[in-house]
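Participant: The amino acid sequence is not available; the structure is as follows:
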């Protein structure tokens, strides 16, 4: 008494596989993933305007005579000094420009004191570069 067993028809996906056809790929998930990646990289990217200050690195073989007549800007914790005289940050560029008008090929040396924040030194360098100082160098104390 064997009765024939009826087999239900295969679902359409399986029927397509059985015939060798692939189901069409939906583009909606792909577009969603690309959009999410786009938003992620837009939010993760930094749009900071990086500026650089060109400095001449002094050579080791330079003698002390080349520093003769240079303007020295000291960056200290208690303020700025231009050739030993206290000067305000706002007046620094004008005073340096005035002294360079007499002798334009003079060097301007910036010497940060120990413990001064790097940002203070960079602010002085930026202010001098904006004032048109062409021959600008940073010096430091020699280690003892």
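Facilitator: All right, it came through fine. The shown structure was predicted, so the numbers you read here are calculated from the model rather than taken from an experiment.
Participant: Residues contacting the helix ranked longest in the chain, please?
Facilitator: Across the chain, the longest stretch assigned as helix under DSSP state H is helix 28-44. Helix 28-44 is contacted by no other residue when judged by CB atoms under 8 Å, 6 or more residues apart in numbering. All C-beta atoms are positioned from the backbone trio N, CA, C, and that covers glycine.
Participant: Next SSE downstream of it?
Facilitator: Next helix or strand after helix 28-44 toward the C-terminus (DSSP states H and E): strand 71-76.
Participant: Can you give the strand pairings for that following strand, parallel or anti for each?
Facilitator: strand 79-82 (antiparallel), strand 108-112 (parallel) (DSSP bridges).
Participant: got a list of contacts for it?
Facilitator: By CB under 8 Å, 6+ apart, strand 71-76 touches 80-84, 92, 96, 99-100, 106-113, 116, 120-121, 124, 128.
Participant: That strand: which residues count as buried?
Facilitator: 71, 73-75 (16 or more other CB atoms under 10 Å).
Participant: hmm, back to that, could the strands paired with strand 71-76 be laid out in a markdown table, adding mean pLDDT and distance to residue 6?
Facilitator: Output for the strands paired with strand 71-76, formatted as a markdown table (pLDDT from 0 to 100; distance: least, CB to CB, whole Å):
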| stretch | mean pLDDT | distance to residue 6 |
| --- | --- | --- |
| strand 79-82 | 87 | 97 |
| strand 108-112 | 89 | 92 |
